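Asks: Have a look at this prediction, sequence included:
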Amino acid sequence: MIKRVFNISLFSLFCFIFSPPALYSGVIYVGGESNIISIRQALETASDGDIIIIKEGIYKEYNLIVSKKLQIIGENYPVIDGDGKDEIFTVRADGCVFKNLVIKNTGISFLKDIAGIKVENCKNVLIENNIFDNTFFAVYLSGTDSCKIISNNVIGSATSESFSGNGIHLWKCRNILIENNQVSGQRDGIYIEFSTYCKINKNFSYKNLRYGLHFMFSEGNSYVKNTFRQNGAGVAVMYTKNIEMINNSFEDNWGPNSYGLLLKDIDKSYISGNSFRRNTTGIYMEGSNGTTINGNSFFSNGWAIKILGNCYEDSVKNNNFLNNTFDVSTNSSQNSNLFDSNYWDKYYGYDLDKDSFGDVPYRPVSLFSTVAENSPDAMLLLRSFLVDLLDVTEKVFPVFIPETLVDNKPQMKMIYYDKN
């Protein structure tokens, strides 16, 4: 019996000596009754794998370099206040965690992108359940892989694009998850450039100066079940391809050059299950090729879709168009795109064979929309009898609008979608 206990003790000692250090991480407390009163002191004291717990309070600190694998967790949301001087956290180690912190008052610079949390050339960093208040950039990822930004609240106070940064900013990143965040008052709510295979899900981006979400040169990404409301424009997807845009809401993005969704020079993307409500323009398409717009709803927009003459082989099918001032507008007399099986509330055709599709093709482009595009002052005549007469005449004998821009199978009833 004694021999067996001795053997077990030797085994335990062996495990203690040769087990990975992470299994025996230390916990360091900052503030409260701890001898460590600053975050900087905790960072200097900590070893790889340690947990730093910051007690409730206000910590006036900035330029905090995190170069070890650490978990930095707030208790009752301590405030890390940069006092308007510089960046707050700069992360240069894999596997770090930031939770339950209030990060506020970074500096502002036109020479470098100052952030509340900046992550540089790292992977597997988690930024979760934090509040960012009055930060130039809130979260900035550069050269990162497999990081997660989840359930944060970004509250900006931007008044001009020149003096503001983005809420969540990605530069040359891969496999990033951005989920359940709220972002407002920034230049762009979420900005993604030269980044691939990222997922942007269930975020609420509202009242940002420029875009709720902005893609540049970033292929293979998706954004699903987000809401973009009252931004300068909802979403811009530019110079990229293979983007999935599914079950999002684009709402109340109004202004002279405002859109729910701006597509510029994009290829082979997929837009499905989205709702476009009360935008100046629901979707603006310029240089879009091979994009599928299927199963979306356009309600009460100025223009539901503006599709320019340099768009080719796009497909617009099975969408609802209701109560828009203009359903479709174009600047070309030619059309190389497919419109098919959509529901148009302005369609007054008939269905004699009872197959749920109109027997008479529908031309969604009105002559007056073309006139208004070139002469905005003509909008004063929008509800006049003369305008109605011109539109009816043009649909019967098309001269100015594209003859081939026609839906040959307009749906007779509004389409209902299952978005589960």
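Replies: The structure has been received and is ready for your questions.
Asks: tell me the contacts of residue 150?
Replies: For residue 150, the contact set (Cβ atoms under 8 Å, 6 or more residues apart in numbering) comprises 126-129, 177-181. Every C-beta, even on glycine, is put in place using the N, C-alpha and C of the backbone.
Asks: That one and residue 116, how far apart?
Replies: Noted for residue 150: a distance of 15 Å to residue 116, by Cβ to Cβ, to the nearest Å.
Asks: Equivalent analysis for residue 71, please.
Replies: When distance is defined by Cβ to Cβ, residue 71 is 17 Å away from residue 116.
Asks: Which of those two has more residues huddled nearby?
Replies: residue 116 (32 against 18; other Cβ atoms under 10 Å).
Asks: Was I right to think that one contacts residue 149?
Replies: No: contact criterion Cβ atoms under 8 Å: residue 116 and residue 149 do not qualify, at 11.7 Å.
Asks: Mind listing the shared neighbours of the two?
Replies: Residues touching both residue 116 and residue 149 (Cβ under 8 Å, 6+ apart): residue 139.
Asks: Pull the residues that contact stretch 117-128.
Replies: Here stretch 117-128 has contacts from 87-99, 103, 130, 137-152, using Cβ under 8 Å, 6+ apart.
Asks: Oh, that last question was meant for stretch 261-273, not what I typed.
Replies: 211, 233-247, 250, 274, 276, 282-296, 417, 419.
Asks: Pull out the buried members of the residues you listed.
Replies: Buried by 16 or more other Cβ atoms under 10 Å: 211, 233-238, 240-243, 245-247, 250, 274, 276, 282-286, 288-296, 417, out of those.
Asks: Can you give me the domain assignment for the protein?
Replies: Under the assignment automatic domain parsing, the domains of the chain span 22-231, 234-365+402-420.
Asks: Filter the contacts of stretch 117-128 down to the buried ones.
Replies: Counted by 16+ other Cβ under 10 Å, the contacts of stretch 117-128 give 87-91, 93-99, 103, 130, 137-142, 144-145, 147-152 as buried.
Asks: Which ones among those residues lie within strands?
Replies: Judged by DSSP state E, strands contain the following of these: 89-91, 97-99, 103, 137-142, 148-150.
Asks: Between these, which sits nearest residue 194?
Replies: Residue 194 lies nearest to residue 142 out of these, by Cβ to Cβ, at 10.2 Å.
Asks: Could you check the pLDDT of that closest one?
Replies: Model confidence at residue 142, given as pLDDT, is 98.
Asks: OK, contacts around it?
Replies: With contact taken as Cβ under 8 Å, 6+ apart, residue 142 is in contact with 118-121, 171-173.
Asks: Pull the most distant pair out of the residues you listed.
Replies: Greatest spatial distance in the contacts of residue 142: 118 and 172, 13.5 Å, computed using Cβ to Cβ.
Asks: Compare the two (neighbour count), which wins?
Replies: Taking neighbours as other Cβ under 10 Å, residue 118 and residue 172 compare with residue 118 leading, 22 against 16.
Asks: So for the more buried one, what's the nearest residue that isn't a sequence neighbour?
Replies: Leaving aside its sequence neighbours, residue 118 sits nearest to residue 140 (Cβ to Cβ, 6 or more residues apart in numbering; 4.4 Å).
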